[in-house]
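> whatever this is, show me its structure:
(one chain, ligands or ions: 1)
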Amino acid sequence: MPLDLMTPPPLEPPEFDGASPPSAARRHARPPWLAPGGQRGTLVMLVGSVIGLLGHVGFLVLFVAYGLAFMAAVNVGSVLLWLAAGRVALRGHHGAAIAIACVELVVHACLAVWQVGLGAGFQYYLWSAACLLVLNPHMRSDIALVAGVCVSLVFASLHLIFPIGAIAAPLREVQGILNYVNALCAPLPIVFVVIMVRQVSRHQETALREVAARDEVTGVFNRRHGMRVLNRALETAGRDGDTLFVMLGDVDHFKSINDTFGHHVGDGVLAQVAATLACGLRSDDMLCRWGGEEFLMVFSGFPHHGIRERMDTLRRTLVHTSFGEGLPGVTMSFGLTRARPGDSADEIVRRADALMYEAKRAGRNRIVDDLHPRAVAMPTIVAAESGETP
Ligand SMILES: Nc1nc2c(ncn2[C@@H]2O[C@H](COP(=O)(O)OP(=O)(O)OP(=O)(O)O)[C@@H](O)[C@H]2O)c(=O)[nH]1
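Numbering: from 1, shown residues only. Reported below is the predicted structural model:
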């Protein structure tokens, strides 16, 4: 699943109790049945278990038909083990499901060779079991290696102990087809586990990229990812002639929140500020934590005439947001600018930063922009309404 570069995380304004910050990890937590290999890994394991189960039902019918009661009983056990593997896989314990599958394959192969001979081809499943053990991403590699070697030794030993090509008398007439079916089906568990391993690594790669792009405290994108998005947006803005706006916001007097209520409350306030800003953005916009109490927003393809009003609505929303009992309201000062031909990401952010400091100097809780053609030298100030300050 590719990482969505632009969409802000699905933030609802978090329920903030004034003490513990809403955890980004909790917000992105997955239901346990998807872990650790993800939904597709579970599906692959389930399909594998169903095929194993159906295969042994087929063998059960065969052995009953040819009067091999012991092998019929063994296959009842195999069916139960594949059922168990499917159940365990459904709960997300893929490692345990593979372990059950390996036990079934080894036990069934040994008993079948003992009962009906090497000529039926049941020993091929030992190769599958050895590969499953070695490829199992949930097993420690040293244990997996030892187990894989042991199963390979069992395979070789069976060829020493039992005569090659011999088969129990009742099955002689179906030897060709039985050998063929076993040769065909024995590699199937390997195919399934390789698919599962690929799913697990894809899932982990996506999770890692997601973690690397997020800010831990607020759950929104971090500065590195923000810079990447801004660079990309600047490239396409130049190409398509789209309007690209960048706004940098800084929480006013944030130090006093930390000093009065403690750093962890400050973290919670930052998380709620991020959530409030994220709720006011479109899906094409990007919000990242630029650092400390600063947030950067990138708006591409935004109609010029509406941008100042939209941004001021965002500023006001923050003013009217409650941060929890006993906590003061929060305001922010913003610098808003538009990309100019030949702008680099650094230049445009530096300009937004200078405008944001202009907003601070002018009294905070306001947006200063340079959007009007004449305003490049003299920024426009969207002043806070009187009595608006929380
Ligand atoms: N809780 C918390 N505080 C942080 C974090 N990052 C930076 N800060 C604090 O943010 C505060 C920034 O303070 P200042 O730069 O003085 O700015 P300010 O108090 O917001 O004042 P103005 O920006 O001038 O309105 C400092 O106290 C930092 O310790 C963080 O991740 N969590």
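
> helix or strand for the residue in the stretch 151-300 of the chain that the ligand sits nearest to, which one?
Closest residue of the stretch 151-300 of the chain to the ligand, CB to the nearest ligand atom: Gly266 (2.6 Å). Yep, even glycine has a C-beta here, placed from its N, CA and C like the rest. When elements are assigned from DSSP states H and E, Gly266 belongs to helix 263-279.

> show the average pLDDT along that helix.
Confidence for helix 263-279, expressed as mean pLDDT, is 95.

> keeping just the C-alphas, turn the next helix or strand after it into PDB.
Stepping forward along the backbone from helix 263-279, the first helix or strand reached (DSSP H and E) is strand 286-291. Coordinates of the C-alpha atoms in strand 286-291 are reproduced here as PDB (Å, rounded to 0.1, in the frame of the first residue of the first chain):
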ATOM      1  CA  MET A 286      -0.500  19.000   3.800                       C
ATOM      2  CA  LEU A 287       0.100  19.800   7.400                       C
ATOM      3  CA  CYS A 288       3.300  19.100   9.200                       C
ATOM      4  CA  ARG A 289       4.900  20.000  12.500                       C
ATOM      5  CA  TRP A 290       7.800  22.200  11.500                       C
ATOM      6  CA  GLY A 291       9.400  22.100  14.900                       C
END
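
> now strand 286-291: buried residues?
Of the residues in strand 286-291, those with enough neighbours to count as buried (16 or more other CB atoms under 10 Å) are 286-290.

> cool, and stretch 194-204?
Those buried within stretch 194-204 under the rule 16+ other CB under 10 Å are 195-197, 199-200, 203.

> reformat those residues into CSV and put secondary structure next to each item.
What follows is the buried residues of stretch 194-204, written out as CSV (DSSP: H, G, I helix; E, B strand; the rest coil):
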residue, secondary structure
Ile195, helix
Met196, helix
Val197, helix
Gln199, helix
Val200, helix
His203, helix
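
> just send those back as CSV, with distance to the ligand too.
As requested, the buried residues of stretch 194-204 are exported to CSV (distance: CB to the nearest ligand atom, whole Å):
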residue, distance to the ligand
Ile195, 42
Met196, 39
Val197, 38
Gln199, 36
Val200, 33
His203, 30
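
> if we can go back for a sec, could you find the closest non-adjacent residue to the residue of the stretch 151-300 of the chain closest to the ligand?
Asn258 (4.1 Å; CB to CB, 6 or more residues apart in numbering).
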